[in-house]
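A.B. asks: Structural data only, the sequence is not supplied:
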């Protein structure tokens, strides 16, 4: 399996916690100059990682907790990221416009979860390339 640079970055960021909010991962892996294509490229990377069985997408909010998604639901959630993610010059990164709080974590937002295979691949990548190699 040949992973793209973005796919490798996503997995590497999931290695420590095993899961993270999708928008937070986008901010952690983005190059500062790559705004325009970032969300579309990110969506494709997520689709590819799901197809390879390396990640799953769940929704999380404090009121509802973690909600598992079927494959069609996960792919649908990925499709709407372009509607919900905006680059904020004030924040210097991406934000999900559904998170309006306070109270925070009220809206169900997508989280990326590494599968066992995804976690193993993340460790392999970090051993070979090092922590946040794209920032070196």
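C.D. replies: Cool, the structure landed. Treat the numbers as computed from the prediction; the structure is a model and nothing was measured. Numbers count the residues shown, from 1 in each chain.
A.B. asks: Leaving out the residues flanking it, which one is nearest to the most centrally placed residue in the chain?
C.D. replies: Centroid-nearest residue in the chain, with Cα atoms, centre = their mean: residue 22, separated by 3.4 Å. Leaving aside its sequence neighbours, residue 22 sits nearest to residue 110 (Cβ to Cβ, 6 or more residues apart in numbering; 4.3 Å). In short, each C-beta sits where N, CA and C put it, glycine included.
A.B. asks: Same check on residue 28?
C.D. replies: Residue 28 sits nearest to residue 13 (Cβ to Cβ, 6+ apart), 5.0 Å away.
A.B. asks: and what of residue 40?
C.D. replies: Distances taken as Cβ to Cβ, 6+ apart place residue 82 nearest to residue 40, at 6.9 Å, with adjacent residues excluded.
A.B. asks: Surely the one you found is in contact with residue 41?
C.D. replies: No: contact criterion Cβ atoms under 8 Å: residue 82 and residue 41 do not qualify, at 11.2 Å.
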